[in-house]
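# Turn this into a structure:
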Amino acid sequence: MEIQAVIWDMDGTLLDTEPCYMEAEGSIVKRCVGGDIAEVTHALLGKTENDSANIVINHFKLPISKEEYLKERYINLMRLLPNAQVLPGVWELVNEFELRGIRQGVATSSPKHLLELKRNAHPDLFTDFRQWFVVMT
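Residues are numbered from 1 along each chain as shown. The predicted structure follows:
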C-alpha cells in the first residue's frame, strides 16, 4: 500500500511550540500561586485553549476567571509563538513528500488567531506550500 496523503499536526510536529505554551501558562501559575506548570503538562498537550484553561485553573485553584486566564495567556502567546522554530527534519520530510506527489495537510486544535500567528512567523514553510497545505481546525 502506497502513502497517498499525510496530515501533519502543527504543534510539536511541524513547529516546536510546546515550550511557548508551557511558558505562557506557567507564568500565569507562578504569578498567581507560585506553582509549577510541569505538574499538568501532559494533561494540557493537544487540548483546546478552553480545556487547558479549565485544567490549569482547577488544578492550581487559581484566583482568576477563565476569561482573565485566557486573556493573559493570549498576550503571552503573542510574544512567544513568533519565536517557535520549525522542528529538525521537517523540511526534509515535507520536501520528500512533495517530490513524490503526496498530498499534505495540517490539522490543529489551535484557534484561528494563533494559527495565523504561527503561519505568519514561518512564511517560508507555509507560503511556499500554500497550494498543497490544507489547514483543518
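
# Show me the helices in the protein, by range?
With helices called from DSSP state H, the chain shows them at 18-32, 41-44, 49-60, 66-80, 90-99, 112-121, 123-126.

# any residues touching stretch 20-40, and which ones?
Residues outside stretch 20-40 that contact it (CB atoms under 8 Å, 6 or more residues apart in numbering): 11, 41, 44, 52, 55-56, 59-64, 69, 72-73, 76-77, 80-81, 83-84. C-beta: built from backbone N, CA, C; applies to glycine.

# give me that answer again for 7 Å
41, 52, 55-56, 59-60, 62-64, 69, 72-73, 76-77, 80-81, 84 (CB atoms under 7 Å, 6 or more residues apart in numbering).

# which residues does residue 89 contact?
Per CB under 7 Å, 6+ apart, neighbours of residue 89: none.

# Ignoring the adjacent residues along the chain, who's closest to residue 121?
residue 82 (4.3 Å; CB to CB, 6 or more residues apart in numbering).

# So residue 66 versus residue 51, what's the distance?
Using CB to CB, to the nearest Å, residue 66 is found at 11 Å from residue 51.

# so what sits against both of those two?
With CB under 7 Å, 6+ apart, residue 66 and residue 51 have no common neighbours.

# Could you tell me how far stretch 57-67 lies from the centre of the chain?
Relative to its parent chain, stretch 57-67 has a centroid offset of 21 Å by CA atoms, centre = their mean, to the nearest Å.

# what's the span of it, first residue to last?
11 Å (CA to CA, to the nearest Å).

# Buried residues, that stretch. List them.
Across stretch 57-67, burial judged by 16 or more other CB atoms under 10 Å covers 57, 60, 62.

# possible to save those residues as a markdown table with distance to residue 34 and pLDDT?
As requested, the buried residues of stretch 57-67 are exported to a markdown table (distance: CB to CB, whole Å; pLDDT from 0 to 100):
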| residue | distance to residue 34 | pLDDT |
| --- | --- | --- |
| 57 | 15 | 98 |
| 60 | 9 | 97 |
| 62 | 11 | 97 |
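
# Count the residues that sit near residue 11.
By other CB atoms under 10 Å, the residues close to residue 11 number 21.
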